[in-house]
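In: Attaching a predicted model along with its sequence, questions to come.
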Amino acid sequence: MAFKIPALDRLIEELSRLPGLGEKTAQRLTFHILKSKKDIAEQLSAALLELKSQVKNCPQCFSFTDQELCAFCKDTQRQPELVCVVEDPSDILRIEAAMQFKGRYHVLQGVLSPLDGIGPDQIRLQELLNRLENEKITEVILALDADLEGDATSLYLTKLIKPRGIRVTRIAHGVPIGGNLEYVDYRTLSRALENRVEL
């Protein structure tokens with residue numbers, strides 16, 4: 001329900017357009033900003049403008065950076081022969097939190113989704129193929145979601161990369177640690193069986 005106060009209604013509308021924020025959360029945030037000191041709104045506004053003006057895509061991996069290259073591409077301690085392919089830059093943060101991967105990244109900035117009109121030309125696929133031609137990459141790890149679009153993209157990439165003599169692997173999907181089989185859906189259980197390991 002609109003409050004008939006254009007500035008208030010506009011902020012609620014704009015905030016509710018953000019992913020994961022419904023109208024009620026947008027209302028709570030709007031009222032919090034309205035009740036707070038003026039400097040909070042000014043700081044939030046300045047931070048948003050700074051973000052948009054200073055952060056860009058890394059020209060090598062297409063993650064986010066405010067430098068010429070992102071921290072992962074510049075890091076000489078990382079293994080340049082390993083490249084982990086992800087859908088979004090936010091996926092890198094999740095992988096880094098596990099503290100296991102020490103290679104480099106490539107962000108597709110999307111996945112194949114023919115129903116949504118997203119084909120190979122709408123994602124950073126050609127840039128990945130260029131990297132495979134110009135860099136000494138020995139393994140590509142596909143860290144894409146285990147949904148239809150992620151599966152289709154992984155299959156498509158595998159068909160393009162394997163003939164080049166480059167190893168293609170995919171992160172394991174299946175029953176989570178501490179998971180109870182009673183609550184696992186059939187697709188996840190099927191994937192867990194496919195990806196079983198020898199003990």
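Out: All right, it came through fine. Numbering: from 1, shown residues only.

In: mind listing what's buried in the lowest-mean-pLDDT helix or strand in the chain?
Out: None of the helices or strands of the chain scores lower by mean pLDDT, DSSP states H and E than helix 186-194, at a mean of 75. For helix 186-194, burial by neighbour count (16 or more other Cβ atoms under 10 Å) applies to 188, 191-192. For the C-beta atoms, the positions are set from N, CA and C on the backbone; glycine is no exception.

In: Serialize the residues you listed to TSV and add fields for distance to residue 157.
Out: Formatted as TSV, the buried residues of helix 186-194 follow (distance: Cβ to Cβ, whole Å):
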residue	distance to residue 157
188	22
191	18
192	22
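
In: so, if you compare the residues you listed, which one comes nearest to residue 173?
Out: Minimum distance to residue 173 across the buried residues of helix 186-194 is 4.5 Å, recorded for residue 191 (Cβ to Cβ).

In: measure the closest one to residue 150 for me?
Out: From residue 191 across to residue 150, the span is 11 Å (Cβ to Cβ, to the nearest Å).

In: Going along the chain, name the helices of the protein.
Out: Here the chain has its helices, by DSSP state H, at 6-16, 23-35, 38-54, 71-74, 89-97, 125-134, 148-161, 186-194.

In: you'd agree residue 27 is up against residue 13?
Out: No: checked against Cβ atoms under 8 Å, the pair residue 27 and residue 13 is beyond contact range at 10.4 Å.

In: Between these two, which contacts overlap?
Out: Contact criterion Cβ atoms under 8 Å, 6 or more residues apart in numbering; no residue bridges residue 27 and residue 13 by contacting each.

In: Those two: which is more packed in?
Out: Counted by other Cβ atoms under 10 Å, residue 27 and residue 13 do not tie: residue 27 has more neighbours, with 18 against 13.

In: Identify the residues contacting residue 156.
Out: Residues 112, 120 are the ones in contact with residue 156 under the rule Cβ under 8 Å, 6+ apart.

In: can you tell me which residues contact the residue nearest in space to the middle of the chain?
Out: For the chain, residue 88 is the residue whose C-alpha lies nearest the centre (Cα atoms, centre = their mean; 2.1 Å). Going by Cβ under 8 Å, 6+ apart, residue 88 touches 107, 109.

In: Break the protein down into its domains, please.
Out: Here the domain parsing of the chain from automatic domain parsing is 6-54, 67-181+186-192.

In: Buried deepest among the ones you listed, which one?
Out: domain 67-181+186-192 (a mean of 15; mean count of other Cβ atoms under 10 Å).

In: Any idea which of the domains of the chain gets closest to residue 60?
Out: Closest to residue 60 of the domains of the chain, according to Cβ to Cβ: domain 67-181+186-192, at 4.6 Å.
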